[in-house]
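Peer 1: Show me how the following folds:
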Amino acid sequence: MADKVIRVLLVDDHQVVRRGLRTFLEIQEDIEVVGEASDGAEGVERAEELKPDVVLMDVKMPGMDGVEALRKLRELANPARVLIVTSFTEQRTVVPALKAGAAGYVYKDVDPDALAGAIRSVHAGHVLLQPEVAGALLAQDEGNGAQGRGGSLTEREREVLGLIADGRSNREIARTLVLSEKTVKTHVSNILMKLDLADRTQAALWAVRHGLNG
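Peer 2: Numbering: from 1, shown residues only. As a prediction, this is how the structure comes out:
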């Protein structure tokens, strides 16, 4: 058994999908499925109860869908990283989920090893962004002026933002840039304010879209 087991919650309205995902993941030594939910509302409730590391969430579900559930988890400041697992490839389906705080997405026909790798990646703080979705997000940024706001970042803030996109914690960023954690927190707050972003996940997505990640 691996030293650090990643605790995963499955949220999908189809039992056969949840069963398939569980089968994929149970053979991984470093991943444990700690619970399941059949819709967004139950997913939020279970995430609050179980405090998983990663949530695998469908987008389209009856009642509370995945995007609404993501927003609710963010309101509750739930620390789980959310990986969208969807059969929908349209940008209009995936982009809102990423904007609501998802750390990335994979398709339901994903190879089991790739799925496990995706879980490990988002758990490590990385963002999984497909090129076509990155392009759609970038186009939206250009339309609403978010890209232009990036010009207001200082060189140090851009360095901090790049390290956020690489999944580094404030402590790791402080160590890398030889700064105090308090100073790093100030930089992070300034970055979120200048870019009009809600949290570190959105900041990481912005950095990936604009080529600031390593």
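Peer 1: can you give me the strands for this protein?
Peer 2: Ranges of strands within the chain are 6-11, 31-37, 54-57, 81-86, 104-107, based on DSSP state E.
Peer 1: so which of the ones you listed gets nearest residue 183?
Peer 2: strand 81-86 (25.6 Å; Cβ to Cβ). C-beta coordinates here come from the backbone N, C-alpha and C atoms, glycine included.
Peer 1: the bottom helix or strand of the chain by mean pLDDT?
Peer 2: helix 146-149 (a mean of 52; mean pLDDT, DSSP states H and E).
Peer 1: quick one on the thing from earlier: in CSV, list the strands of the chain along with mean neighbour count and mean pLDDT.
Peer 2: Below are those laid out as CSV (neighbours: other Cβ atoms under 10 Å; pLDDT from 0 to 100):
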stretch, mean neighbour count, mean pLDDT
strand 6-11, 24, 97
strand 31-37, 19, 96
strand 54-57, 27, 96
strand 81-86, 24, 90
strand 104-107, 22, 84
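Peer 1: need the ones you listed in TSV with distance to residue 189, can you?
Peer 2: Formatted as TSV, the strands of the chain follow (distance: least, Cβ to Cβ, whole Å):
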stretch	distance to residue 189
strand 6-11	29
strand 31-37	33
strand 54-57	26
strand 81-86	21
strand 104-107	24
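Peer 1: List just the one of these that sits closest to residue 116.
Peer 2: strand 31-37 (6.2 Å).
Peer 1: What helices and strands are in contact with the closest one?
Peer 2: Counting contacts by 3 or more Cβ pairs under 8 Å, 6 or more residues apart in numbering; DSSP states H and E, strand 31-37 is packed against strand 6-11, helix 15-26, helix 40-50, helix 112-123.
Peer 1: So what's the gap between it and the chain middle?
Peer 2: Mean-position distance between strand 31-37 and its chain equals 18 Å (Cα atoms, centre = their mean, to the nearest Å).
Peer 1: same question, stretch 22-30
Peer 2: In terms of Cα atoms, centre = their mean, the centre of stretch 22-30 is set 21 Å apart from its chain centre.
Peer 1: Residues touching it, excluding its own?
Peer 2: The contact list for stretch 22-30 (Cβ atoms under 8 Å, 6 or more residues apart in numbering) reads 1-2, 4-6, 8, 10, 31, 33, 36, 112, 115-116, 119-120.
Peer 1: So what's the residue count around the nearest residue to residue 200 once chain neighbours are set aside?
Peer 2: Once flanking residues are discounted, residue 200 sits nearest to residue 164: 5.7 Å by Cβ to Cβ, 6 or more residues apart in numbering. Here the number of neighbours of residue 164 (other Cβ atoms under 10 Å) works out to 26.
Peer 1: cool, and residue 199?
Peer 2: With other Cβ under 10 Å as criterion, residue 199 counts 12.
Peer 1: Over to residue 60?
Peer 2: For residue 60, the neighbour count with other Cβ under 10 Å is 13.
Peer 1: Alright, I will stop here.
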